[in-house]
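Participant: quick one, structure for this:
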Amino acid sequence: MRVVVLLSFFSLVGCVIKQERKNQTISSNSDALESDLVVDENGYLGKIVNPAEFSLCADTSNLEEIKKIPRLRDEELFNRLELIQLQVVSRHGARTPVKSFKCWEGYKQNWDCSDLKSLISASAFEKQSKTRTLKFSKHYETKQWQNNLTNTCKMGQLISQGYEQHRINGKILAKAYFKGEHLVTKSGLEISDFKNQMYIRSSDTQRTIVSAAALITSLLENIFGKEETFQRFRNLPIYTMDFHSEYLFANKNLVDNSRVLKYVFTSKNFQELLEDRKHLYMELEKDAKLNDLNRSWPFELLDCISMTICSGDDNKLPEAFYKNNLLERTMATIEKEVSSVFTWNDSIIAKSDISRFMYEIRDFILDAILFYENKNDGLSNIKELCSNSALNKAFMSQDLLMNFEYLLNPLCNKYEYHNSSKKEIKAPKFILFSGHDLTVIPLLSSLHAWDEHLPPYASTINFEIYYDPYEKQEYKGEANSLLKLESVQKNLPYYVRLLYNGLVITDKLKGCEGNEICHVSFLFL
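Facilitator: Below is the predicted model of the structure:
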C-alpha cells in the first residue's frame, strides 16, 4: 500500500530526467539517448533505453562514483574539525509499481521478486523465559486473479536492484565516514559501540525497511568485514510508527493542506502550467497512444515510464516519446507542477508537511551538542548561556542574534529537563531515516535547498555535524562580550555540512551562502 500523502495528485515516483551534477548533465534529449528500436511478438514498435541515461534510475553501474562524498575542502578545517554526528535521510531503492495500470498499447507487467524475500522471525520476551520461533520467508501469492503484478511481487515492493542501490550507499558511507583513505575529516566519525550509538528509523513499508537493512548491513560489512559483522550484530532494531501517525513523509492524516492547496491551484502560475499542459496531453494521447491520461497523470504515468526505463523488464517506451523531445517535455512538466506546490509562498506546504520530522532531526543535533558540552565541562557553559538574562535581551534586539535564539531556546529547554531529571544524556552518533520521495522533496524544499528535480531512487541527504575544539579554546582566551554573534557562535562551535547525493549544498541554506560548512543555528531558522 502506498503512503497516504498530502494529495493523491502528488503521490508520485521521483524521476529526474535532466540534472546538472559535478559538471555533468544527464538529459533525455533524443539525440543523446542510448536506445534500441524493437518490435515485440505482437508487432508493437517501441524502444528500450539504457537506464544509465536517466538519473532517476540510480543505475548501479556508476552509482558509487556519482555519489562519492567529498572530504572537507579547507585543509585547516579537515585537520581540526571533529565529526560528532551523522544523520542520513534516504529514499527507498527501486521498486515495483504501486498500482496496476496499462499505460499504453503494448504495455504489460511481468515481475519476478523470487530473488529478494523478507524473512519473518518473532521472539516473545517474558520475565523468566524467552521463546523463539523459526524464521519464515515471506512469499506473495502467484495466482493472477489475486495479485495484480502477477508472479511473485507485491505492489510497491523493493526489488533486487533497489537492494543493491542501498548496499552501494552503505559502502559509500563507510568509505567517507568510518574507514579508509577518503574520510571527510582527518579522523572520520569515531563510534566505539554501534549497537548503542546507532539509530535506525523507517516508515513501515517493505521497500523502506529492506532498504534500511541493506544499507546498514553493507555499511557494517565494509567497516568490520562480513564474518565479523554477522558475529557481532545479530539483532538490530529498526524503529517504525503506525502509518496513520507517520511523519517521515507528507501525510495528510497529520497535516491537512487542502485549504492552502486551493490557493496554489488557483494561482496564476499554476493555471499557466495547466494551460501549457493541454497541448502536451494531445501529443501523449494521439502520438504515444496513452490510455486514460486524465486518470494516470501524473503518478501512474510516471510509474509506467520509470518502471520501463529503470527496471529492465520486457516493456518498451512508445517510439513517440523520442520524437520532438516528448519524454523530456513530459517529465519537465510534471516537475514544474510538483515544484510549484512545494516551493509556493516560501515553501509553506513543504514546511508544514515535514515540520515534525525536521523537529526530530534538530532534536538529535541538540542531543549531540549537550552530550559534548557535558563531556567538555559538565554543562557549565550551557548553564551560563541559559541563565544569562542580558544575552536573552540581546537576542531580542539584534536581528543576527535572533536567529541564534531558535537554537538556544530548545537547547536550554532540553538542558533544564536533563538537569532536573538527572537522566543520562545520550546522543546517537549515526542516524538513518529510511523514507520516500515525499520525505526528500519537502525536507529539501523546507531548507530552501531543493533543486526542483524529483529525487532518484536511493537518494540520500546527509547532515554532518561538527565540533571545533580549537575555536572553543580561542574563545576562552578572549575578553569579548557574549553579546556579539561571533562570540556566541564561538562559545557553541558546532557546525553543519549538508549534502544531497554526494553534492555539498550547505551554501543553499539561508544565511550560509558561499560556505561549505555553516553554524548549526542556521538549521533552526
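Participant: C-alpha only now, for contacts and for neighbours.
Facilitator: OK.
Participant: find the centremost residue of this protein, please.
Facilitator: Ser90 (3.3 Å; Cα atoms, centre = their mean).
Participant: helix or strand: which one has that one?
Facilitator: Element membership for Ser90, per DSSP states H and E: strand 82-91.
Participant: got the phi and psi for Ile309?
Facilitator: Ile309 has phi and psi values of phi -80, psi -40 when expressed as degrees, to the nearest 10.
Participant: verify the stated contact: it with Ser55.
Facilitator: No: using Cα atoms under 8 Å, Ile309 is not in contact with Ser55, being 10.7 Å away.
Participant: need the per-residue pLDDT for the nearest residue to Gly511 once chain neighbours are set aside.
Facilitator: Distances taken as Cα to Cα, 6 or more residues apart in numbering put Phe522 closest to Gly511, at 6.8 Å, once the chain neighbours are dropped. You'll see Phe522 listed with a pLDDT of 92.
Participant: the stretch 301-450 of the chain: strands as residue ranges?
Facilitator: Under the criterion DSSP state E, counting those that start in this stretch, the stretch 301-450 of the chain contains strands at 317-318, 430-435.
Participant: which strands and helices lie in contact with the shortest one?
Facilitator: Other elements packing on strand 317-318 under the criterion 3 or more Cα pairs under 8 Å, 6 or more residues apart in numbering; DSSP states H and E are strand 45-49, helix 299-310.
Participant: next, format these as a markdown table and append distance to Arg277, mean neighbour count and mean pLDDT.
Facilitator: A markdown table is the format used below for the helices and strands packed on strand 317-318 (distance: least, Cα to Cα, whole Å; neighbours: other Cα atoms under 10 Å; pLDDT from 0 to 100):
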| stretch | distance to Arg277 | mean neighbour count | mean pLDDT |
| --- | --- | --- | --- |
| strand 45-49 | 24 | 20 | 61 |
| helix 299-310 | 14 | 22 | 88 |
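Participant: and for Asp193, the neighbour number?
Facilitator: Using other Cα atoms under 10 Å, Asp193 has 10 other residues around it.
Participant: equivalent analysis for Leu503, please.
Facilitator: Residues near Leu503, counting by other Cα under 10 Å, number 17.
Participant: look up how far Phe224 lies from it.
Facilitator: Going from Leu503 to Phe224 by Cα to Cα, to the nearest Å gives 27 Å.
Participant: same question for Tyr247.
Facilitator: Tyr247 is 33 Å from Phe224, by Cα to Cα.
Participant: the two: which has the busier surroundings?
Facilitator: Tyr247 (24 against 14).
Participant: mind listing what the more buried one touches?
Facilitator: Counting by Cα atoms under 8 Å, 6 or more residues apart in numbering, Tyr247 makes contact with Leu254, Asp353, Ile354, Arg356, Phe357.
Participant: wait, the third one touches Leu254, no?
Facilitator: No: taking Cα under 8 Å as the definition, Ile354 is not a contact partner of Leu254, at 10.1 Å.
Participant: more neighbours, the two?
Facilitator: Ile354 (25 against 16).
Participant: in contact with the more buried one, which residues?
Facilitator: Tyr247, Leu248, Phe249, Ala250, Thr439, Pro442, Leu443, Ser446.
Participant: any low-confidence regions in the chain?
Facilitator: 1-48, 120-133, 139-148, 150-151, 312-315, 389-403, 472-485 (pLDDT under 70).
Participant: 80 instead?
Facilitator: 1-49, 100-102, 105-112, 117-152, 311-315, 388-405, 472-489, 525 (pLDDT under 80).
Participant: which outside residues touch stretch 418-429?
Facilitator: By Cα under 8 Å, 6+ apart, stretch 418-429 touches 84-86, 189, 191, 196-199, 364, 367-368, 370-371.
Participant: thinking again about what came up before, and the residue nearest to the centre of the chain, how far from Glu464?
Facilitator: The spacing between Ser90 and Glu464, counted by Cα to Cα, is 14 Å.
Participant: do Ser203 as well
Facilitator: Taking Cα to Cα, one finds Ser203 at 22 Å from Glu464.
Participant: the strands in the stretch 101-250 of the chain, which residues?
Facilitator: For the stretch 101-250 of the chain, the strands defined by DSSP E, counting those that start in this stretch cover 118-120, 123-125, 130-132, 136-138, 198-202.
Participant: and Glu464, how many neighbours?
Facilitator: 22.
Participant: three-state assignment of it?
Facilitator: Classification of Glu464 by DSSP: H, G, I helix; E, B strand; the rest coil places it in strand.
Participant: show me what contacts it?
Facilitator: Glu464 is in contact with Leu83, Gln85, Leu86, Gln87, Val496, Arg497, Leu498, counting by Cα under 8 Å, 6+ apart.
Participant: dig out what it forms beta bridges with.
Facilitator: Note on Glu464: beta-bridge partners Leu86, Arg497, judged by DSSP bridges.
Participant: just put the helices and strands packed on strand 317-318 in TSV and tack on distance to Lys289.
Facilitator: Below are the helices and strands packed on strand 317-318 laid out as TSV (distance: least, Cα to Cα, whole Å):
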stretch	distance to Lys289
strand 45-49	12
helix 299-310	12
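Participant: ok, which of those comes nearest Phe233?
Facilitator: Closest to Phe233 of the helices and strands packed on strand 317-318 is helix 299-310 (Cα to Cα; 33.1 Å).
Participant: just checking, what packs against that closest one?
Facilitator: So helix 299-310, by 3+ Cα pairs under 8 Å, 6+ apart, packs with strand 317-318.
Participant: rewinding a little: nearest to Leu273, of the contacts of Tyr247?
Facilitator: Nearest to Leu273 among these, with distances taken as Cα to Cα, is Asp353, at 23.2 Å.
Participant: thought the closest one was touching Ile441?
Facilitator: No: the pair Asp353 / Ile441 is not scored as a contact, 10.3 Å apart, by Cα under 8 Å.
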